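J.: Following is a predicted model, sequence given first.
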4 protein chains.
Amino acid sequence: MITVALLGAGRIGKIHASSVMANPKATMKYVVDVYKKAADELAAQLSAQSVDLETVFADPEVDLVMICSSTDTHADLIERAARAGKAIFCEKPVDLNLGRVREALQVVANENAKLMVGFNRRFDPNFVDVKQSIVNGEIGEVELVTIISRDPGAPPAEYIKGSGGLFRDMTIHDFDVARWLLGEEPAWVYASAAALTDPQIGTLGDVDTAVVTLTCKSGKMAVITNSRRATYGYDQRIEVHGSDGMVAATNMLESTKVVSNADGVTSQKPMHFFLERYAAAYRNEFAAMVEAIESGAEPNPSGTDGEKSIVLAEAALESLNTGARVAVKYR
Amino acid sequence: MITVALLGAGRIGKIHASSVMANPKATMKYVVDVYKKAADELAAQLSAQSVDLETVFADPEVDLVMICSSTDTHADLIERAARAGKAIFCEKPVDLNLGRVREALQVVANENAKLMVGFNRRFDPNFVDVKQSIVNGEIGEVELVTIISRDPGAPPAEYIKGSGGLFRDMTIHDFDVARWLLGEEPAWVYASAAALTDPQIGTLGDVDTAVVTLTCKSGKMAVITNSRRATYGYDQRIEVHGSDGMVAATNMLESTKVVSNADGVTSQKPMHFFLERYAAAYRNEFAAMVEAIESGAEPNPSGTDGEKSIVLAEAALESLNTGARVAVKYR
Amino acid sequence: MITVALLGAGRIGKIHASSVMANPKATMKYVVDVYKKAADELAAQLSAQSVDLETVFADPEVDLVMICSSTDTHADLIERAARAGKAIFCEKPVDLNLGRVREALQVVANENAKLMVGFNRRFDPNFVDVKQSIVNGEIGEVELVTIISRDPGAPPAEYIKGSGGLFRDMTIHDFDVARWLLGEEPAWVYASAAALTDPQIGTLGDVDTAVVTLTCKSGKMAVITNSRRATYGYDQRIEVHGSDGMVAATNMLESTKVVSNADGVTSQKPMHFFLERYAAAYRNEFAAMVEAIESGAEPNPSGTDGEKSIVLAEAALESLNTGARVAVKYR
Amino acid sequence: MITVALLGAGRIGKIHASSVMANPKATMKYVVDVYKKAADELAAQLSAQSVDLETVFADPEVDLVMICSSTDTHADLIERAARAGKAIFCEKPVDLNLGRVREALQVVANENAKLMVGFNRRFDPNFVDVKQSIVNGEIGEVELVTIISRDPGAPPAEYIKGSGGLFRDMTIHDFDVARWLLGEEPAWVYASAAALTDPQIGTLGDVDTAVVTLTCKSGKMAVITNSRRATYGYDQRIEVHGSDGMVAATNMLESTKVVSNADGVTSQKPMHFFLERYAAAYRNEFAAMVEAIESGAEPNPSGTDGEKSIVLAEAALESLNTGARVAVKYR
């Protein structure tokens, strides 16, 4: 039985808490939040205890710390958890600053700690099926990956300000998916982007619509298109073109209902809310973390995966500023 | 909080148990099964108690009895639960014998008990969406309902023997869906059927492939096509043609993956297993039962719905034997 | 080069004329119509001659007579053409009266004439693909054929009056498709039908919405659902369920455009007009007739196919009147 | 009646010839080809005359010259036709050399000649439907255009050598579609590309797989993905994301057949051959040329459209060589 402490009792923390509760191999012992009331309430629901960080790190019973607090606390908490000898699950990103990411990962390495970074898409059953087709050789050599990733609506300005911008906040998932599906590290990044959906986003110095091209040394490519606002729902599609075929995953729809009338043949929209769209992914992600702890295997996606996505985000940002493609420097 | 006792710890009982566990308004107190070991094991998992029937009916704390035992026990248990003042959820069918169904429902009526019969399809989110479109007037007057209902594979001969035959065992769900979507009681039933998938089914006197036509006094019709064996999975589709349009629900697929290659463009199969296909339906069904108890409303589908499906199944059987349509006699 | 005479310069005659013009192996020599002006105009467009029937039958150059005139003239023209030694293409139906159909076919047999009856669906590329999958053994043994055949709107009352009713006018195509796909003659017919789309149709003694079940001696079945009015267009689908799989042909849509917005994901409607929907079928049908003449093979679908569809239509009508299934008597 | 002379009796010439023959407003008078035998044969089929160029340009009866000869002859023939006072339809590209394109267009301008460049995709009924949705305001402001354009297989090396490379030969169509759908001229071009499908293409200095990003001053973007080899057929899709929705056109399939079995649910492949895929487009394109001549309107797409696509192709090539985005200089 894996004993878990949850750091952060907000929206994403609650999601991970429900995965813990549903998993017969894990039990939730502690909930921590800077807003004590939030921690108390969630702990009560989970029959867990609301405590402070010190209690968590001091308790030898705690096997796994799940970091679901605000982004600026991630790196510190990773370091503390690693030093306390805990396995760590950390929501993406590790940090918005690449240097800080690397410091934290150094501590993880020094302590020989287990760290998984929360790239939920790698656990979506549809995307896993796509990856499996590639691994099975069903489409031959991968040549071109297309990722369509569009949110139903932009987050509030307050969130945008602290988000690190589109590439670090939203595209970061797509960078990870691209790396996962390409099977080769992108060597160059080119980004074109603008603030089209909401002028306020532009005023904040951010963009909301982007096309990012990743090119590998072998010539393999990935192209990501992002928008902060798709009026038809949460648009999450991938398509991998290979030497022997193509494999794609289309959107999950709100239901299978189809209405046919004089206006046309109308299917339902893509599922709107990311927590619903990726509900199965979150459960599977946690199960993979549990399995890594039990088997002693390295968690996957790892801290290095978290780092590389930030490297690609920074390269995209540099490309946007210079108008040229940027050679990726991993380390 | 609704206190529940589960009668029957088999496959379907476990499904309903998980709905109880997931529902914050309900708690499982007892598990009963003729195989004591099965009851003990499930009770342990649920932190419930494994007891005998007498304990259940004698305990005033028990609000709801969920009857998931073998079909031949349903009517007796309904009567005992009704007399003990419990609300009742009973898996379909109430009984294979129509007279026995009516006796049990009479006891329910006399005791003024609440009874829901487990027609899970009425709670499937896709089918609920279809029904809602009809209610909203999106397709005008209903004219023709088409129900395609095919199992991935026939049950074992042993099951077939005690099943009451295709119409009472499998089509019974479709009869209920047809009634629900037509919004008018079928007045005539015609059935054509044969044993095509497995000669053993024919030897047992049963059929495995059927076309059943239901016709209402107004001229509205429903047509059901059944097969015990669809090699491509569990085929569960409905289509309602109306004066202003058509509304349909297609199959839920195993994933959204699509592979395109020299052989064509291949999507995944329909979900294979009924417990997975109707997972959401089972949860919503239990929530509706809880709501009926809390609000004091009549559960829906009711015992009468259970009775009418059996009436239709008997009419289909008579039609199959006579080659003529049969006028339905509800009571 | 096949020399053709067209009898009937109306809508369907023009369609067949364009197939003749597009076929490099055929040439149109004559056009005949009771409305001389219609014949003159079409003949001018086709660089053909507008003549009377006597001229057509007396001219030894004419290889093929295409009968596209009103239904009540078909049988007479078939007999005259057969006696004149011409190959014959005749639009469905041969005649509304089964006895008259048989007389005409007797003359065809006596004269050893070639006769194709115009069941265009057998030449639709989509349906041909379905048939080919069956022939290839891709779905194993055929068990259940589903035919959905719905017109976008009912014809005018005047047409209905002389049409012979839904079964002889519209379902006749579906009877032929069912026989073609079942690969076995239906032995029993059951029909349920009503006038739901337009009360005037009921006043005329006809129906507009129907479910017809065909059952073979082996137990194979076909079910046809018809409506005279589908608000979403011309609904023409078939689905064949077999022991190893299912093969279906869905609707051809007006275009591949799909609009996604807050209202859903909307595809185009099925093609509305039968002449457009079956444009390729008409061309292929004529090419098959030409090939039959050139190769000396029996045309397919033959006069007997035309007769059997009328037999099934009469059986459906009898079933509708009696409420029982009717045993089909072919001859 | 428009009198037409066809220059070039090869594959594409034959396609346009069939459009002329099918159009009641046009007649084919002459066919010219450097291979006299090819011209003679096609002329015989069309009941036209096989002549030399001088005859065409000297005949005042000729209204329209259709240039379907090899690319290196286009510019010369445009100039000669313009000077002879003929309306001109020219297959893409006008010339591989931008300077030569501009010279030819100057002659067209001086002579006030009508010139349409053969971008057939603008006349595809599916893409026209997409454009119409944009024009109707159904998706609000265009933000992001995605063009997926993949050939089923690479042309022979001999063709590649003289093709001007992927961007001028294949992507040129997509550049035109992008401009048409964006409704604003792209200001910057970035291209990433490689030879992945066939090493011989790389040896010839060309690429076969590409991602091209076009960015407008307003921030609107288009992204084109190309491959010379899609094993699943000819992949031609567009998707336009706007402020109020998305409109897309998916592939046209070989038929509507769908096979469901234990391997999945398999639809047909996209139509394989471009002449079949764009059959309707070619007919509509010619009809638009006829209409432009009759109405006196400027043909569309015009010579300037032909020029701008070449400008974009050259910019893409420069970007590929420099690794930076290239500012487009139209003139």
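T.: Received it, and whenever you're ready, just let me know what you need. Residues are numbered from 1 along each chain as shown, chains lettered A, B, ... in the order given.
J.: So for the residue lying closest to A:Leu312 once chain neighbours are set aside, what's the pLDDT?
T.: Distances taken as Cβ to Cβ, 6 or more residues apart in numbering or on different chains place A:Phe175 nearest to A:Leu312, at 4.2 Å, with adjacent residues excluded. (C-beta placed from N, C-alpha, C; glycine too.) pLDDT for A:Phe175: 98.
J.: likewise the one 5 residues further on?
T.: Model confidence at A:Trp180, expressed as pLDDT, equals 98.
J.: Backbone dihedrals for it, please?
T.: With angles defined as degrees, to the nearest 10, A:Trp180 sits at phi -60, psi -40.
J.: Return the residues in contact with it.
T.: The contact partners of A:Trp180, taken as Cβ atoms under 8 Å, 6 or more residues apart in numbering or on different chains, are A:122, A:131, A:301.
J.: looking at these, which has the most residues close by?
T.: A:Pro301 (24 neighbours; other Cβ atoms under 10 Å in any protein chain shown).
J.: Chain D contacts on the stretch 151-300 of chain A?
T.: A:188, A:190, A:192-197, A:209, A:211, A:213, A:215, A:218-221, A:223, A:225, A:227, A:229-232, A:235, A:241, A:243-246 (Cβ under 8 Å from any Cβ of the partner chain).
J.: before we move on, the earlier item: among the contacts of A:Trp180, which one lies nearest to A:Val62?
T.: A:Pro301 (22.5 Å; Cβ to Cβ).
J.: can you redo the contacts of A:Trp180 as JSON lines with secondary structure and pLDDT?
T.: Listed next are the contacts of A:Trp180 as JSON lines, based on DSSP: H, G, I helix; E, B strand; the rest coil; pLDDT from 0 to 100:
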{"residue": "A:Arg122", "secondary structure": "helix", "pLDDT": "98"}
{"residue": "A:Lys131", "secondary structure": "helix", "pLDDT": "98"}
{"residue": "A:Pro301", "secondary structure": "coil", "pLDDT": "97"}
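J.: Which residues of the stretch 101-250 of chain A lie near chain B?
T.: So far as Cβ under 8 Å from any Cβ goes, the stretch 101-250 of chain A lies against chain B at A:125-126, A:129-130, A:133, A:138-139, A:244-250.
J.: farthest-separated two in those residues?
T.: Across these (Cβ to Cβ), the longest gap, 23.4 Å, separates A:Pro125 and A:Asp244.
J.: Counting neighbours, go ahead and name the busier of the two.
T.: When A:Pro125 and A:Asp244 are compared for neighbours, A:Pro125 comes out ahead with 16 against 13, by other Cβ under 10 Å.
J.: Correct me if wrong: that one contacts A:Arg283.
T.: No: contact status for A:Pro125 versus A:Arg283: not in contact, 10.0 Å apart, counting by Cβ atoms under 8 Å.
J.: just to revisit the earlier point, looking at this, the residue nearest to A:Leu312 is in a strand?
T.: No: looking at A:Phe175 with DSSP: H, G, I helix; E, B strand; the rest coil, it is helix, so not inside a strand.
J.: need the contact list for it.
T.: When the contact criterion is Cβ under 8 Å, 6+ apart, the partners of A:Phe175 are A:214, A:224, A:308-309, A:312-313, A:316.
J.: Can I get these in CSV including distance to B:Ala58?
T.: Shown next, in CSV, are these (distance: Cβ to Cβ, whole Å):
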residue, distance to B:Ala58
A:Leu214, 69
A:Ile224, 64
A:Lys308, 64
A:Ser309, 61
A:Leu312, 67
A:Ala313, 65
A:Ala316, 69
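J.: Kindly report the domain assignment for chain A.
T.: A:2-113, A:122-282+A:308-327 (automatic domain parsing).
J.: phi, psi of the most centrally placed residue in chain A?
T.: Central residue of chain A (Cα atoms, centre = their mean): A:Phe119, 3.0 Å from the mean position. Backbone torsions of A:Phe119, given as degrees, to the nearest 10, read phi -90, psi 90.
J.: before we move on, what about A:Ala315?
T.: Dihedral angles (degrees, to the nearest 10) for A:Ala315: phi -60, psi -40.
J.: Tell me where the stretch 1-150 of chain A has helices.
T.: A:11-22, A:36-46, A:53-58, A:71-83, A:98-111, A:125-135 (DSSP state H, counting those that start in this stretch).
J.: Distance to chain C added to the ones you listed, as a markdown table?
T.: Below are the helices of the stretch 1-150 of chain A laid out as a markdown table (distance: least, Cβ to the nearest Cβ, whole Å):
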| stretch | distance to chain C |
| --- | --- |
| helix A:11-22 | 24 |
| helix A:36-46 | 33 |
| helix A:53-58 | 44 |
| helix A:71-83 | 31 |
| helix A:98-111 | 37 |
| helix A:125-135 | 17 |
